[in-house]
Each structure stands twice: as structure tokens, then as C-alpha cells.
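Participant: Sequence below, structure please.
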Amino acid sequence: MQRQFASSSSAWAALAIVFILSANVALASSIASPQTLFSPVSTPAYDIYHLSLFVLAICGGIFVVVFGLLVYAVVKYRRRPSDDGREPPQIYGSNQVEIAWTVIPILIVVVLFLAAARVIHAVEDAQFPPGALEVTAVGHQFWWEFQYPSYGFITANELHVPVSEPGRPMPTHITLLSADVDHSFWVPKLAGKTDLIPNRRNEMWVDPHEAGTYFGQCAQYCGTEHAKMLLTVDVQSREDFERWAQAQKAPAAVSDQVAAGRRVFETTACVNCHTITGTAANGKFGPDLTHLMSRKTIAAGVAENTEENLRLWLTSPDAIKPGVLMPAMQLPKQDIDSLVAYLMSLN
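Facilitator: Predicted coordinates for the structure are as follows:
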């Protein structure tokens, strides 16, 4: 029986080692991931990161204490060959133990509540300096619309914001709206997730300290293509952001070589869904295409923005994004060629 328990004790120890190693591997993998809260680069994300470490530390301490007491009890009170088979004295109730396992969890919950409330207050009630960038993000099935009211243009799927430099903070305040169903805006390295609810205005903000490209996605199931409703946030220096913004404000430049493609665009159903500044197209159901080729991706981040993918998107969008609301354009090959050439000119 002793040998039997020894093997059982070894199994418990092995299980504990596996658990700890798995937790370490999971944490390391999370830090290396492009979507992780363990590598923050923005003020709200820093607050969430430190709160998560605090909660993990408390939960880890609880695990160590409970597992340690369990192992101690199993080892100390295991059955030995010298036992006569009778049950040991039974203890029914202990006021001290019952008070301890009532008071300690209450204190832990209170501490966690206060820590979480402090972070929620810091994020939700933050005061923004004059000149903070205002952006309105509208969730659609299944893409993102980004409006820049102070600049007067609209773009899609790729949000551009300036870096917030030490001594010159410039956070970006984002108003969140939904055009159809529930969505959720989540870029883990920049901020916590916030839902977009129909007929409700929600808000969030980012304050990135490092330039770069950060990845996120819709974190609320919103339909068939929820998993492919991706987004990127390009954090740029203030100078680069201003150059990008001024370029987005300009109307699309169209050369004579692609005039045939423009005619195809303006005489088909494209104009019902899309806008191109400087043309008759002013549809709001789909993304604004004025500067389409300034974006790295199409289909809400699912495909690289290349001529080949544009052609496939126009002829068979389901091949890129099954269930998408974009209709297949039943056009002759010559019209498709002209339309692709026109879209490729929208820089």
C-alpha cells in the first residue's frame, strides 16, 4: 500500500510540474503573439497588463497554498502498513477553520474588486488633453469603418493614429458605433475590448508610445464571417500621420488610361455601396474606396491588397470570405480588367 501511494504521490508531483510548465509555455507564447495583453504599448493596455499580473499572482498563490495543503494532507495522513484498520478520530467542525475559509476568500474578493475598480476608473474617466485625435469606428458585417471628423475623410479596416510622445501626449479617443449587430473592438496591445452596440454610443481610447502596426479583431460573435473581421492599427509619428491624413483628404487621382474602368464603376451597382470622392459614387453600405491602394489589405484584413486578389474579390468574393455580403460582379472579362485597373489607380 505504501508503494502504491508513493507512485500516486509521484503522479501528483508530475501533474504539478506539468501544470507549471504549461502555464510558463502559454505565457511565453502569449508574449510572442501579435495579439497579446502581455506586451502593452499604450497607457490603457499598461493598466490592464499590471492588473492581470496582480490577479495572476493572487490566483497562483491560492493554487500553491491549496495544492500544498492537499499534498501535505495526503502524505501525512496516508494509510500505513502499521495501521490496524480502524478509522482515526473524526473531527466534526472547527470554528477557527470555518472562520478562516470564510474571511480569507472575502478579503481576496474585496482586494480584487478594488484593484479592478481602480483600473476601470483610470481608463473610463481619463481626461484628454486639447488636440486629442477624435475617431469614430463603425462596425459592419463584416468590416470596420473609420471616420476622422476633424479631417473630413473616411477609411476602412486600417486605423491610423499618431504616436503619443513623452512630454507631448496625444491620445486617440474612439467613439464606437454599430451599423447592424453587436461587434467588439479589441487590439490587445493598445487597450481592452469594448463592445459596439446598435443604437448605443460607447467610447474607448488608445495612447500608444511606440510606432508600429498592431493587430486586433472583432471579439464579439457577429455572424458567419466574425472570425475574419480583422483590423490593424498603424501607429505613426506625428509627421507621418499628418502626411497620411492630408493624402486621404485629397480626391482620388484618375488618369486617362483608367477612364474606362471608372465608367464601369459608375454605371454598375458599385456606386450603391461604395464612395469614391470626386465621382458620383456616394454609397455608405460598403467601405470608402477613395484611396483603396493606400491600404495593405482588402476584405477586412483577410487578403493582401494585390491585383490578383482584387480581381478574385470582384469575380468571386466567397472564395476569399465565405458568407460575405459583397456580391459577385457578373461582368465581362474586359470590364473586370478595366475595373481592376481603375481600382489599382486609387492611391
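Participant: Tell me who's in contact with Glu304.
Facilitator: Counting by Cβ atoms under 8 Å, 6 or more residues apart in numbering, Glu304 touches Lys296, Thr297, Ile298. From N, CA and C alone the C-beta is placed, and that goes for glycine too.
Participant: Next, count neighbours for the closest residue to the first one other than its chain neighbours.
Facilitator: For Lys296, ignoring the flanking residues on the chain, the nearest one in space by Cβ to Cβ, 6 or more residues apart in numbering is Asn305 at 5.8 Å. Burial of Asn305 is recorded as 18 neighbouring residues (other Cβ atoms under 10 Å).
Participant: and Val235, which of the three is it?
Facilitator: Under DSSP: H, G, I helix; E, B strand; the rest coil, the three-state class of Val235 is strand.
Participant: before we move on, what about the one 4 residues further on?
Facilitator: For Glu239, the secondary structure call by three-state DSSP comes out as helix.
Participant: show me the contacts for the residue most central in space within the chain.
Facilitator: With distances taken as Cα atoms, centre = their mean, Trp186 lies nearest the centre of the chain, 2.7 Å away. Taking Cβ under 8 Å, 6+ apart, we find Trp186 in contact with Gly192, Lys193, Thr194, Gly216, Gln217, Cys218, Ala219.
Participant: Compare those residues and tell me which has the most neighbours.
Facilitator: Cys218 leads the contacts of Trp186 on contacts (other Cβ under 10 Å) with 28 neighbours.
Participant: Identify the residue spatially nearest to it, adjacent ones excluded.
Facilitator: Spatial nearest neighbour of Cys218, excluding adjacent residues (Cβ to Cβ, 6+ apart): Met229 at 4.0 Å.
Participant: okay, now the one you found: neighbour count?
Facilitator: Met229: 26 neighbours (other Cβ under 10 Å).
Participant: Ok, Asn282 next?
Facilitator: Per other Cβ under 10 Å, the neighbour tally for Asn282 reads 12.
Participant: where's the closest residue in space to it that isn't next to it in sequence relative to Val264, distance?
Facilitator: With Cβ to Cβ, 6+ apart as the criterion, Asn282 has its nearest non-adjacent residue at 5.1 Å, and that residue is Thr275. Per Cβ to Cβ, to the nearest Å, Thr275 is found 17 Å from Val264.
Participant: Comparing these two, which shows the higher neighbour count?
Facilitator: Remark: of Thr275 and Val264, Val264 carries more neighbours, 23 against 17, as counted by other Cβ under 10 Å.
Participant: Pull up the per-residue confidence for that one.
Facilitator: Per-residue confidence (pLDDT) for Val264: 89.
Participant: re earlier: wait, what's in contact with the residue nearest to Lys296?
Facilitator: Asn305 makes contact with Leu292, Met293, Arg295, Lys296, Thr297, Ile298, according to Cβ under 8 Å, 6+ apart.
Participant: ok, 7 Å please
Facilitator: Contacts for Asn305 (Cβ atoms under 7 Å, 6 or more residues apart in numbering) come out as Met293, Arg295, Lys296, Thr297, Ile298.
Participant: quick one, phi psi at the third one?
Facilitator: Geometry field for Lys296 lists phi and psi as phi -80, psi -20, criterion degrees, to the nearest 10.
Participant: Can you get me a residue count around it?
Facilitator: 13.
Participant: go on, the last one?
Facilitator: Ile298: 25 surrounding residues under other Cβ under 10 Å.
Participant: With the one 5 residues further on instead?
Facilitator: Residues near Ala303, counting by other Cβ under 10 Å, number 19.
Participant: Find the nearest non-adjacent residue to it, please.
Facilitator: For Ala303, ignoring the flanking residues on the chain, the nearest one in space by Cβ to Cβ, 6+ apart is Asn309 at 4.5 Å.
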